[in-house]
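A.B. asks: requesting a structural model of the entry that follows:
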Amino acid sequence: MTAAHGSLAHGAAAGDGPTAGEPADDALAADDLPWLEELQGRTVVIKFGGNAMVDPALHRTFAQDVVELWQAGLRPVVVHGGGPQISAMLDRLDLDVRFEAGLRVTTPETMEVVRMVLTGQVQRELVGALNAHGPFAVGMSGEDAHTMTAVRRPAWVDGRPVDIGLVGEVVAVEPGTVRSLLEEGRIPVISPVARGADGEVYNVNADLAASALAVALGAERLVMLTDVEGLYADWPHSTEVIDRLTAGELADLLPGLASGMLPKMEGCLRAVRAGVRRARVIDGRVPHALVRGVFAEDGPGTTVLPDPGASPGASPGTGTGPGASPGAGPGASPGTGTGTGADAGAGPEDESGA
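C.D. replies: Coordinates of the predicted model:
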């Protein structure tokens, strides 16, 4: 299947008419986008999470934006979270919802719910929203075809490891199935559940899953949707957003970030150090932020770029292996859920993954 090309006027995707009452200058025409030609045929990995997952209007506009990227000749891949939906289901089933060091304790019983909600609810709703525009999306999980392999990762409390159950860290990615779907002209939608070499199934952080997949696919860009404007320079004293920074600059800031923003920025750092040319964190509460976040040179949010003259840390497209979490010490384990507090530079807490 060959992707169709056209303008990026919002509302023009797959038979949709313009959104009533939407201002004309909200549309981004193809000739206004200097990156459009360069990004033809390139892979863009998108982490879908935050308020856009639970707000019906934002959910629809996100799906529309992803289809528009496809129509413009890009190859989008979506990795989704699902923390609020998992917590809601656990409450409905009267199961314990417990966090240690800001991470969801995932017992085998909880893991069954995580798996069910991510692959059977959140993924299906997103696939359905995308396929409302045409036969584009195919859902899968990190378990499928050994796409993601994880190991158990502990949390840390007062400098000591704490067992939080089946929370995993992605240590290897086999991108063949995702790549085949892209070659067929499909939009893969991936749930952050991973197999373990030990036979277990792990709940993994969606931000870091998206980062690992972007590296393995040799993606051109990684885009993270969140519930804040970007990385704040001096939160809570200022709401000034850092518009761009290098990997080295981010590594210096990383230890001071609160747990909500930490996995997103850690994922961006890992990606650009391993060959992804640009990573961006954007405010998913803004309709159609995704198109601007992918194409615009000076788009919204915070952009992370490789250090000048830096060589990629891994060969894109060959899969990923175990890697250190740059700048993250005890207590910064990127499992699921969010912690408490908002350290300097982090901004408000944000649901990050399952």
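
A.B. asks: which residues touch residue 276?
C.D. replies: 214, 215, 219, 220, 221, 222, 316 (C-beta atoms under 8 Å, 6 or more residues apart in numbering). Glycine gets a C-beta too; all of them are placed from N, C-alpha and C.

A.B. asks: so of those, which ones are in strands?
C.D. replies: Among these, the residues falling in strands (DSSP state E) are 221, 222.

A.B. asks: all helices for the stretch 151-300 of the chain, in order.
C.D. replies: Ranges of helices in the stretch 151-300 of the chain, per DSSP state H, counting those that start in this stretch, are 176-183, 206-217, 247-253, 262-273, 289-295.

A.B. asks: buried deepest among those helices, which one?
C.D. replies: The highest mean neighbour count among the helices of the stretch 151-300 of the chain belongs to helix 206-217 (a mean of 30), with neighbours defined as mean count of other C-beta atoms under 10 Å.

A.B. asks: pLDDT of that helix, averaged?
C.D. replies: Across helix 206-217, the average pLDDT comes to 97.

A.B. asks: who are the packing partners of that helix?
C.D. replies: Other helices and strands packing on helix 206-217, by 3 or more C-beta pairs under 8 Å, 6 or more residues apart in numbering; DSSP states H and E, are strand 43-48, strand 75-80, strand 148-152, strand 167-173, helix 176-183, strand 221-226, helix 262-273.

A.B. asks: name the nearest residue to the residue nearest the centre of the chain, sequence neighbours excluded.
C.D. replies: Centroid check for the chain by C-alpha atoms, centre = their mean gives residue 47 as the closest residue, at 1.9 Å. Excluding its sequence neighbours, the residue lying closest to residue 47 (C-beta to C-beta, 6 or more residues apart in numbering) is residue 210, at 4.0 Å.

A.B. asks: residues in contact with the one you found?
C.D. replies: Residues near residue 210 by C-beta under 8 Å, 6+ apart: 45, 46, 47, 79, 192, 222, 224, 267.

A.B. asks: got a pLDDT number for the third one?
C.D. replies: Taken from the predicted model, the pLDDT recorded for residue 47 is 97.

A.B. asks: show me the contacts for it.
C.D. replies: Contact analysis of residue 47 by C-beta under 8 Å, 6+ apart lists 79, 80, 81, 206, 207, 210, 222, 223, 224, 225, 264, 267.

A.B. asks: what is the nearest of the residues you listed to residue 152?
C.D. replies: residue 206 (17.6 Å; C-beta to C-beta).

A.B. asks: hmm, that closest one is touching residue 86, no?
C.D. replies: No - Residue 206 lies out of contact with residue 86 (C-beta atoms under 8 Å); the separation is 11.4 Å.

A.B. asks: what's the separation between residue 300 and residue 97?
C.D. replies: Look at residue 300 and residue 97: by C-beta to C-beta, to the nearest Å, they are 33 Å apart.

A.B. asks: those two: which is more packed in?
C.D. replies: residue 300 (19 against 14; other C-beta atoms under 10 Å).

A.B. asks: report the beta-bridge partner residues of the residue lying closest to the more buried one once chain neighbours are set aside.
C.D. replies: Nearest residue to residue 300 in three dimensions, chain neighbours excluded: residue 282, at 5.2 Å (C-beta to C-beta, 6+ apart). With DSSP bridges as the criterion, residue 282 is bridged to residue 225.

A.B. asks: tell me how many other residues crowd residue 72.
C.D. replies: By other C-beta under 10 Å, 23 other residues sit near residue 72.

A.B. asks: wait, it sits on residue 36?
C.D. replies: Yes - contact criterion C-beta under 8 Å: residue 72 and residue 36 qualify, at 6.3 Å.

A.B. asks: so where is the stretch 1-150 of the chain shaky, pLDDT-wise?
C.D. replies: The stretch 1-150 of the chain contains residues with pLDDT under 70 at 1-35, 101-102.

A.B. asks: related to what we said a few turns ago, closest one to residue 293 among the helices and strands packed on helix 206-217?
C.D. replies: For the helices and strands packed on helix 206-217, the distance to residue 293 is smallest for strand 221-226, at 5.2 Å, taking C-beta to C-beta.

A.B. asks: now the residue nearest to residue 300: how far from residue 303?
C.D. replies: As for residue 282, its distance to residue 303 is 9 Å (criterion: C-beta to C-beta).

A.B. asks: what's the closest of the helices of the stretch 151-300 of the chain to residue 118?
C.D. replies: Of all the helices of the stretch 151-300 of the chain, helix 206-217 comes closest under C-beta to C-beta, at 8.9 Å.

A.B. asks: so how far is the closest one from its chain's centroid?
C.D. replies: Chain-centre distance of helix 206-217: 8 Å, with C-alpha atoms, centre = their mean, to the nearest Å.

A.B. asks: okay, it in PDB with CA atoms only?
C.D. replies: C-alpha atoms of helix 206-217 as PDB (Å, rounded to 0.1, in the frame of the first residue of the first chain):
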ATOM      1  CA  ALA A 206       5.300   3.500  27.800                       C
ATOM      2  CA  ASP A 207       7.700   6.400  27.500                       C
ATOM      3  CA  LEU A 208      10.800   4.200  27.700                       C
ATOM      4  CA  ALA A 209       9.100   1.500  25.500                       C
ATOM      5  CA  ALA A 210       8.500   4.200  22.800                       C
ATOM      6  CA  SER A 211      12.100   5.300  23.100                       C
ATOM      7  CA  ALA A 212      13.500   1.800  22.800                       C
ATOM      8  CA  LEU A 213      11.300   1.100  19.800                       C
ATOM      9  CA  ALA A 214      12.300   4.400  18.100                       C
ATOM     10  CA  VAL A 215      16.000   3.400  18.400                       C
ATOM     11  CA  ALA A 216      15.400  -0.100  17.100                       C
ATOM     12  CA  LEU A 217      13.400   1.200  14.100                       C
END
